[in-house]
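J.: the following comprises the amino acid sequence and a computationally predicted model.
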Amino acid sequence: MEIQIILNKINALIERRHWSINELTERAGLSGGVIYEWYGKKKQPSLRALEAVCNACEITLGEFFSSTPEECENELQVKLLSVSKQLSVGNQRNLLVLAEAMLAQERAAAEESQQRGENPRYTLRTSCWQPAYGMGRKKSSGRIILPGLCLIL
């Protein structure tokens, strides 16, 4: 793959996350100016470095190298379906509750941003659902807790 295509993909990743190149470098655990060296055409990224970038951005190398957004989405959907099939029925229900809560939050945040005349950003506000004495879910801040599952957002 041509270096400029790789750099364009990296640009898209950091723009979506509102990161700087320095922040990506730090999150990927790469040495100081290595990504800047790619942009300066002094070095070509190694597969190991690209894998670190992908890990920092929470995507696979396959998603990084896919040529279309649809390929990327399909790979992620297949992965989600594969993982969910391996879960017990109870945990599948928990995953569905979690996904629905996250979707509701994203929609609410986008709606609030639009009402304020802002562009919606990919920022998930943290709120939590905890079992409340076996009756439904209880909201709190900072994490999502379901039986056998706790995610810090």
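T.: Done, it's in.

J.: state the distance from Val78 to Gln86.
T.: For Val78, the distance to Gln86 (C-beta to C-beta, to the nearest Å) stands at 13 Å. Bear in mind the C-beta positions are built from the backbone N, C-alpha and C, glycine included.

J.: how about the strands in the chain?
T.: Applying DSSP state E to the chain gives strands spanning 128-131, 137-140, 143-146, 149-152.

J.: flag every buried residue along the lengthiest helix in the chain.
T.: Counting by DSSP state H, the longest helix found in the chain is helix 89-115. Using 16 or more other C-beta atoms under 10 Å as the test for burial, helix 89-115 gives 94-95, 101, 105, 109.

J.: please apply the same query to stretch 48-65.
T.: Quick answer for stretch 48-65 (16+ other C-beta under 10 Å): 49-50, 52-54, 56-57, 59-60, 63-64.

J.: and the two most separated of those?
T.: Maximum pairwise distance among those (C-beta to C-beta): 16.4 Å, between Ala49 and Glu63.

J.: so where's the protein uncertain?
T.: By pLDDT under 70, the low-scoring segments of the chain are 1, 67-75, 119-153.

J.: run the last query once more with 80
T.: For the chain, applying pLDDT under 80 flags the ranges 1, 66-79, 113, 117-153.

J.: quick one, what contacts the residue nearest to the spatial centre of the chain?
T.: Centroid-nearest residue in the chain, with C-alpha atoms, centre = their mean: Glu58, separated by 5.3 Å. By C-beta atoms under 8 Å, 6 or more residues apart in numbering, no residues touch Glu58.

J.: distance of Leu103 relative to Leu96?
T.: According to C-beta to C-beta, Leu103 and Leu96 sit 10 Å apart.

J.: would you mind measuring from Leu50 to Leu61?
T.: For Leu50, the distance to Leu61 equals 7 Å [C-beta to C-beta].

J.: if we can go back for a sec, return the closest of the buried residues of stretch 48-65 with respect to Ile5.
T.: Among the buried residues of stretch 48-65, Phe64 lies closest to Ile5 (C-beta to C-beta), at 10.6 Å.

J.: isn't the closest one right up against Cys54?
T.: Yes: between Phe64 and Cys54 there is a contact at 5.1 Å, judged by C-beta atoms under 8 Å.

J.: ok, the buried residues of stretch 48-65 vs Gln115, which is closest?
T.: For those, the residue nearest Gln115 by C-beta to C-beta is Cys57; the value is 29.9 Å.
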